Every structure is written in structure tokens, then in C-alpha cells.
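**Q** Pasting a predicted model and its sequence here:
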Amino acid sequence: MPEFGDLMAKDVTRHPLVPLRDLVVFPRTPAVRLLIGRPSSMAAVERALAVDRLVFLATQHEATVEDPTPDQLYTVGTIAVILRSSRRSDGAIHIEVEGRERARALAIAEDEGCFMATLRRLQAEPEDPARLKALLARLAVALDQYCQHYPEAETLRAVLRLPDPGQMADALAHGLSVGVEVKQQLLEAVRVSHRLGRVIELLEFEMEKRQLDRVIHTRVKRQMERAQREYYLQEKLKAIHKELGRADERAEVEEWRRRIEASGMSPEAREKALAELRRLEQMPPMSAEAAVSRHYLEWLLAVPWTQRSPEIRDLAYAEAVLEADHYGLQKVKERILEYLAVRQLVERPRGSILCFVGPPGVGKTSLGRSIARATGRTFVRMSLGGVRDEAEIRGHRRTYVGAFPGQIIQMMRKAGTINPLFMLDELDKLGADFRGDPAAALLEVLDPEQNHAFRDHYLDVEYDLSQVFFIATANVTHTIPPALLDRLEVIRIPGYTEREKVEIARRHLIPKQVQAAGLKPEQVSFSEEAVQLLIRGYTREAGVRNLEREIGAICRKVARKVVASGANREAYREAITAESVRVLLGPERYRPMGLRSQSEIGVATGLAWTEVGGEVLQIEVTVMPGSGELTLTGKLGEVMRESAQAAISYVRSRARDLGLPANFHKEQDIHVHIPEGAIPKEGPSAGITIATALVSALARIPVRRDVALSGEITLRGRILPIGGVKEKVLAAHRLGIPQLILPKENEKDLMDLPEDVRAALRIHLVETMDEVLPLALEGAWPPHAESAGMPPIWLSSTSSGANLNAMAE
């Protein structure tokens with residue numbers, strides 16, 4: 001028979017079949033040991049041992065199949081001889097087999113408990129010697145390089161000494177670490193040249209893969225060298241800590257890391273926190289630096305990053321809350337509701353910040369609380385009164401001992417949400433010194449274009465304040481820096497009328513103080529006369545803070561009586577009348593300063609604006625023989641002194657027209673005094689009041705007691721507009737003064753007055769002093785008008801004397 005013949009079947013044989021899992025046996029290769037445990041395979045082995053010791057070894061398609069069918073076996077396998085066999089105690093059989101030749105299964109049938117395969121032997125056809133020689137040369141080179149890359153495969157070099165190229169290819173296929181599918185393909189390759197070419201491809205592929213692995217390994221090693229070093233050092237540090245009993249510290253660090261990952265903080269803050277945590281791991285636990293790092297991490301995790309309270313967007317509910325919490329202030333409520341409506345329509349509104357401006361006790365802070373309740377936001381309040389250090393706003397840098405975040409971040413931590421209502425109280429009382437200007441720091445907080453990236457000096461990361469609803473409060477605006485005021489939308493709350501105070505006391509103050517004193521509503525009641533007496537005789541304010549305090553004092557005295565009544569405390573009842581108020585609180589503290597008992601010469605009633613609302617002042621002027629000396633007393637400010645001098649200059653320039661002696665300024669001394677001299681007084685609006693009192697004193701004509709004046713005077717006698725009109729008018733109304741004289745140019749300010757105030761007052765609007773004197777002085781003016789048959793000027797119907805009722809009509 002030739003060495004290489006055509007593929008043909010010498011004969012067809014029939015042998016027992018043993019299925020193999022994850023294994024391919026090649027012909028003429030070293031013996032293979034097998035463990036036979038399946039009953040059908042054991043029957044096949046026993047049958048072969050009983051006949052000629054030959055079995056057909058075929059590999060399964062799927063190794064997980066326990067009992068394969070003929071369709072689940074490869075048809076090409078190896079006829080092998082059983083060299084040795086032994087049975088184990090559990091019944092399984094150990095056999096050692098050696099492959100002899102390839103064969104293809106023509107048919108597989110089950111016979112006596114095992115598979116019997118009808119086989120046809122497969123033999124190779126002749127090959128071109130030159131092609132085989134070239135393939136063997138390539139194989140030698142490839143195998144040499146393979147063994148260099150894989151030193152453990154050095155034994156494969158012995159394959160090159162085999163005489164048969166086909167046996168050489170089968171031996172290499174048996175020794176290579178390739179998959180079962182690849183080995184099955186080599187087994188099914190009958191032509192020797194095909195097998196050699198495929199083996200060479202496998203060797204070259206394995207070498208390329210090994211080279212690629214080395215490149216990747218080098219690259220990864222270079223990249224991971226530092227990480228591996230850190231990991232090694234960290235593991236050593238863990239072992240050291242464990243030996244020192246510091247295992248709890250490692251648990252603490254892991255807890256920090258978990259909290260940082262779950263906090264939802266910004267990427268910048270997260271990176272900063274993890275860097276600080278790495279520093280903390282390397283520090284001795286009891287060192288001062290470790291305490292500083294822990295404090296910093298606590299603050300980073302304490303401020304809210306993603307937590308928000310759900311907003312209430314029901315405008316009707318907001319209106320109901322404002323009405324329930326506050327009486328009056330209709331225009332203020334309307335403006336607040338408009339503001340809330342806009343915030344509901346715009347998803348992320350960026351507009352001005354509300355600023356409530358008004359005297360103490362008018363409800364600025366409580367309005368903020370009501371807005372927070374109406375919108376479902378958390379309410380936090382920060383008082384800016386007396387703050388002089390910029391670090392109070394932005395915080396201290398961590399390089400300072402005892403450093404802390406600023407009040408903004410502290411209040412955000414207290415709120416616990418990223419969208420609270422943040423009230424900045426007493427904005428007008430900010431200070432500034434060598435430590436910085438807090439107002440300048442607030443510019444970043446209150447500017448909608450900047451506060452989305454607010455940076456606290458302590459945290460040193462950007463923090464988003466754009467979703468915070470800021471509301472500021474102030475008593476005045478002239479002390480607020482212009483740049484800061486420009487970012488605020490001012491809503492003025494001037495004060496309450498007496499009727500409004502009575503209603504506020506009835507609806508809010510009395511129930512609140514009754515409850516605070518531990519009383520039941522039926523145990524004490526207040527008459528309207530008692531509340532009015534409290535307002536007039538025991539308080540003098542634009543708001544209701546002192547009124548609430550006096551009501552609380554009465555409730556506490558009643559509570560004492562209830563406790564003293566003993567067993568009858570449940571049945572105790574007391575009605576508070578005006579007389580009861582005098583008994584409980586003592587004599588009235590304030591005398592009415594409105595209407596004087598009679599008109600007096602040289603005494604005029606003026607109106608003043610203060611930080612706590614409007615006030616009524618009495619301005620007195622007296623003249624006496626002398627040399628023309630001018631005396632100003634009453635702790636007057638520079639502007640008020642200049643107003644007095646301007647008034648005197650006007651009177652001197654108009655002495656002839658006013659019927660005054662031309663040389664009165666040389667023969668008489670003039671003394672201008674404003675009572676309550678311990679209180680500083682300043683402002684230009686007392687000009688016409690001083691001029692009226694001066695003319696009255698010089699002309700010996702009384703000033704009407706039922707008229708109050710306010711306006712700035714020029715040397716030509718023109719009346720200039722003033723500020724604080726609403727507060728001044730409310731003060732006059734509060735003290736029962738029926739007529740007012742105000743500058744014509746302030747007519748626009750009168751429309752903001754409450755309806756009941758406009759109905760109760762007669763307001764004269766004037767442009768010159770010639771219009772003021774007939775209205776303010778008693779009798780005809782000038783004094784010679786009646787003797788000349790002229791009608792009194794102050795009784796004539798002029799546009800400047802039109803009252804507010806006529807204006808309203």
C-alpha cells in the first residue's frame with residue numbers, strides 16, 4: 001500500500017462507540033487515560049474488551065449533555081485500542097487508550113445497552129513533496145518562535161523528529177492549547193498539507209496574541225503602576241491599623257465615602273470631598289489636622305444638594321393664607337400675589353428680590369412666614385443688624401483657626417432644602433469696617449445672575465442659590481448701598497391706622513396673647529374702647545408690637561387672678577374695659593399731642609418722619625427785645641437749622657408784604673425751639689412750619705390749633721415736595737388733627753392713603769407761602785384785609801386749598 005493514497009474505504013468495520021466530553025483523541029499520539037462512568041459507555045468498553053479491544057471515540061457537540069444521542073456526536077472520530085483497564089470501587093472504569101486511525105461513522109445504533117458504530121476508515125491521498133517540504137520548513141520556524149514565547153511548550157520540539165508529516169501534524173494538534181472545535185476541525189482534515197497549514201496558522205496566531213498581550217500588559221502595567229503602589233501601601237496601612245486596634249477608623253472612612261457618593265453633590269464638590277477624604281486617611285486620627293478635615297467633610301455633607309420641598313402652586317390658597325394671617329395691607333398682598341403668580345408661570349424665574357420696607361412692628365417678618373406657608377417652602381431667617389464682617393456672609397477661609405462657613409451656608413444647612421424662603425432681616429443696618437463690606441458680599445447672594453454659583457470661603461466650592469426665594473426687610477432705604485438697593489424690589493409697608501390696629505388686635509393679637517397666658521377664650525374679653533385706649537394712651541407706634549406687648553401684660557395679670565380664684569378658676573370671667581386698662585396698667589403713658597386746647601401765638605404743629613413711622617412735633621417761636629440774635633434749640637440737625645435760617649430770610653424779605661416792621665431783625669431776638677430736646681431732629685420738611693410760627697410770633701396772630709404743616713421752603717417762598725407723606729398723614733390722623741397743609745407736588749402720594757383716612761381729613765395742597773399763611777393763621781390775613789373791605793384770603797375757594805374729598809370726587 002502506498003504511503004499516501006486517495007481517500008478511500010479499505011473496508012467497513014463495526015465497533016463499540018464511547019462519547020467523549022471536551023476531548024479529541026488523535027491517531028498515533030501518546031496514550032490518553034479516560035474515566036468511563038456512563039452505563040452505555042461502560043457497556044461499550046466491556047464489549048470491546050471481550051472482542052478485539054477496539055473502540056470508536058467520538059466527541060460530543062455539547063459537553064453538558066449527559067446522555068447524547070447519535071445526532072449530538074461528531075461523525076468523524078478515532079478508532080483507538082484499549083491498552084489497559086481497571087474498575088474502581090464505585091463501578092466506574094479507568095482505561096488507557098491509544099488512537100490508531102481516523103474513521104467516519106456511517107451509522108450509529110444502540111445494541112445491548114451501548115452504541116455500535118458502523119465505520120469507514122479515512123486515509124490521506126498522496127501530496128506534493130515540494131509543498132510538504134516548504135510546509136515543514138515553515139512549521140520548524142513557527143514552532144521555534146512559539147517555544148520561545150511559551151517556554152512551557154519546549155517539549156513540542158520533539159515533534160519535528162517524527163518521520164511522518166501527518167503524525168507530526170496530529171501530535172502538534174494534540175499538544176496545542178486550543179478549543180475542542182478547532183481540534184475537531186484538525187481531526188476532520190484528512191489531507192496532510194491542510195493539517196500542516198492549519199497548525200502553522202494556529203502557531204502564528206498564538207504568537208501574535210502573545211505579543212499583543214505583552215503590549216497590553218506593558219501599557220496597563222505602566223498605567224496601573226501608581227495605582228498598584230497606592231493599593232499596596234493602603235493594604236499595608238490597613239494591616240498596621242489593624243495591629244494598632246484602629247479598624248474602626250477604616251470603617252469610618254468607608255462610611256464617609258458612602259455618604260459622599262449618596263449625597264448628590266456637584267462634581268466639583270464631590271472631587272473636593274474625596275480628595276479631603278484621601279488626606280484624612282493618611283493622617284493620625286487624633287491630630288488637629290484630622291479634626292479640621294472631619295469638620296470640613298461634615299459641612300460638605302450637611303448642606304442640601306438635591307433635597308427640595310414640594311412647592312404649593314395654588315394661588316387661591318396663598319391668598320387665603322395671607323388674608324388669614326394679616327389684616328389690611330391690600331396693596332402689599334396684591335403685589336405679593338402677583339409676584340407668586342409670575343414665579344408659578346416661569347419654571348426658573350430670575351428677577352428682583354423682594355424687600356419689605358416699613359417701621360418696626362408692621363408685620364414684615366410675619367409676612368415672610370406667611371409666604372413660606374403659602375408656598376410650602378421651609379422658612380429660615382438671618383438677621384443682618386450689626387453685621388460688619390464680610391466673613392459673616394462668605395465664611396472664613398480654612399486656614400484660620402476655628403473657621404466656619406458663613407451665615408448663608410449655615411442657614412441653608414438649617415433649612416435642609418435647596419429651595420427655602422430665606423429672609424434677610426434688617427438689611428438697612430449692615431455695617432462695614434476694616435474686615436470688609438458685608439453689603440458687597442450680599443451682592444453675589446442677591447444677584448440672580450450670580451447666585452447660581454455662590455462660593456463660600458470655607459467650603460470653597462460653588463453652591464447653587466438660584467432656587468432660594470430671598471426676601472429682605474428694612475426700616476429705611478437710604479442706608480442701603482445703592483448697588484444693593486438696585487437689586488431689590490421695594491414694597492413699602494407704612495403703618496396701620498387706628499381702625500386697622502383695632503381689627504388686628506381683635507383678630508390676631510388678643511387670641512395669641514390669651515393662649516400664651518394659658519387662658520381660655522371665654523375667660524377674658526376686650527371691649528373696643530379698651531383696645532382704643534391701649535392704642536392711644538399706652539402705645540405710640542406705626543406697627544402693633546407694643547400694642548401686643550401691652551395686651552400680653554393684661555392677659556398675664558388676668559391669669560394671676562384666675563390662679564388666685566382657686567377652685568372657681570374654670571368659671572372665672574373678666575371683661576376688660578377702658579377703666580380696667582387704667583387699673584391694670586396704671587396711668588396713660590402718652591398724652592395726646594394732636595389738638596391743643598387753644599390756638600397759640602408762635603406755636604405751629606409740624607409733621608415729621610422717623611424710622612418708626614410718622615410723628616407730630618410742636619414748633620415754638622418767641623421774640624423778645626434785643627439786637628437781632630437768632631437762637632435755635634431742641635437738638636436740631638444741620639439741615640433743620642438751615643431750614644430755620646431760610647424761613648427767617650424769607651420773612652425778612654417779605655416783611656413789608658406781611659405787615660411786619662422792616663427792622664424787626666435788628667430790634668428783636670428770635671428763639672426757635674422744638675420740644676423734647678433730648679431727641680435729635682433732622683430734615684428739611686419743617687421749613688413752612690417754622691416760617692408760619694415765626695410770622696405768628698412777629699404779627700401776634702395765633703396759629704390754628706387744628707392744622708398741621710409739612711413742607712420745605714425756599715428763599716422765594718416756594719413750597720417743595722417732601723418724603724414720607726403717608727407716614728406723616730397717618731400720624732396726624734392717629735392724633736386726631738383734622739386739617740393738613742402739604743406741598744402741591746405731593747398730591748400723587750395721597751392716593752395711597754386708606755379710604756377712611758381720606759374721608760376723615762381735609763388736606764390743603766399749596767405751592768407758596770402766600771397760600772400757607774391764610775390757611776394756618778386765625779382770622780383774616782394780612783391783618784389789614786378786613787379794614788380794607790377785602791374778603792379773608794384763607795376763606796376763598798382756591799385750587800391750592802382744595803380738600804382731598806373734593807379731589808377724590
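**A** Thanks, I have it.

**Q** Show the contacting residues for residue 622.
**A** By CB atoms under 8 Å, 6 or more residues apart in numbering, the residues touching residue 622 are 602, 670, 671, 673, 697. Backbone N, C-alpha and C define where each C-beta goes, glycine included.

**Q** so how far is residue 104 from it?
**A** 142 Å (CB to CB, to the nearest Å).

**Q** for residue 680, same thing?
**A** Distance, residue 680 to residue 104, using CB to CB: 121 Å.

**Q** ok, those two, which is more surrounded?
**A** residue 104 (18 against 10; other CB atoms under 10 Å).

**Q** what about the longest helix in this structure?
**A** The single longest helix within the chain, with elements called by DSSP state H, is helix 192-243.

**Q** And that one, what does it pack against?
**A** helix 129-149, helix 165-175, helix 180-188, helix 247-262 (3 or more CB pairs under 8 Å, 6 or more residues apart in numbering; DSSP states H and E).

**Q** now the angle between helix 192-243 and the last one, please.
**A** What that stands for is helix 247-262. Helix 247-262 and helix 192-243 are oriented at 120 degrees to each other (axes from the mean of the first three to the mean of the last three CA atoms, to 10 degrees).

**Q** so whatever helix or strand comes next after helix 247-262 versus helix 192-243, what angle?
**A** Following helix 247-262 in sequence order, the next helix or strand is helix 267-281 (DSSP states H and E). Helix 267-281 and helix 192-243 are oriented at 70 degrees to each other (the same axes, to 10 degrees).

**Q** Give the buried residues for helix 267-281.
**A** Neighbour counts over helix 267-281 (16 or more other CB atoms under 10 Å) mark 269, 270, 272, 273, 276, 277, 280, 281 as buried.

**Q** ok, now stretch 291-310?
**A** Across stretch 291-310, burial judged by 16+ other CB under 10 Å covers 292, 293, 294, 296, 297, 299, 300, 301, 303, 304, 309.

**Q** Likewise for stretch 574-593?
**A** Buried residues in stretch 574-593, counted by 16+ other CB under 10 Å: 574, 576, 577, 580, 581, 584, 585, 593.

**Q** Show only the entries of these found in strands.
**A** Using DSSP state E, the members of these that fall in strands are 574, 576.

**Q** ok, of the buried residues of stretch 574-593, which one's closest to residue 447?
**A** Using CB to CB, residue 593 comes nearest to residue 447 of the buried residues of stretch 574-593, at 44.9 Å.

**Q** Wasn't residue 490 part of a strand?
**A** Yes - counting by DSSP: H, G, I helix; E, B strand; the rest coil, residue 490 is located in a strand.

**Q** burial of it, as a residue count?
**A** Neighbours of residue 490 under the rule other CB under 10 Å: 14.

**Q** Same check on residue 531?
**A** 25.

**Q** could I get the buried residues of stretch 574-593 as a markdown table with pLDDT and distance to residue 60?
**A** Below are those laid out as a markdown table (pLDDT from 0 to 100; distance: CB to CB, whole Å):
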| residue | pLDDT | distance to residue 60 |
| --- | --- | --- |
| 574 | 89 | 104 |
| 576 | 90 | 104 |
| 577 | 90 | 110 |
| 580 | 89 | 109 |
| 581 | 90 | 108 |
| 584 | 90 | 107 |
| 585 | 90 | 107 |
| 593 | 56 | 114 |
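
**Q** From residue 710, how far off is the closest residue to residue 731 other than its chain neighbours?
**A** Nearest non-adjacent residue to residue 731, counting by CB to CB, 6 or more residues apart in numbering: residue 614, 3.0 Å away. Residue 614 is 9 Å from residue 710, where distance means CB to CB.

**Q** winner for burial among the helices and strands packed on helix 192-243?
**A** helix 165-175 (a mean of 22; mean count of other CB atoms under 10 Å).

**Q** outside of that helix, which residues touch it?
**A** So helix 165-175 is contacted by 26-30, 124, 127, 132, 135-136, 139, 143, 153, 155-156, 159-160, 162, 183, 186-187, 192, 195-196, 199, 203 (CB under 8 Å, 6+ apart).

**Q** tell me which element the residue nearest the centre of the chain falls in.
**A** In the chain, the residue lying closest to the centroid (CA atoms, centre = their mean) is residue 418, at 2.5 Å. If you go by DSSP H and E, residue 418 is not part of any helix or strand.

**Q** I'd like to know how far it sits from residue 451.
**A** Using CB to CB, residue 418 is found at 12 Å from residue 451.

**Q** what pLDDT does residue 346 get?
**A** If you check residue 346, the pLDDT there is 77.

**Q** where's it relative to residue 668, distance?
**A** 68 Å.
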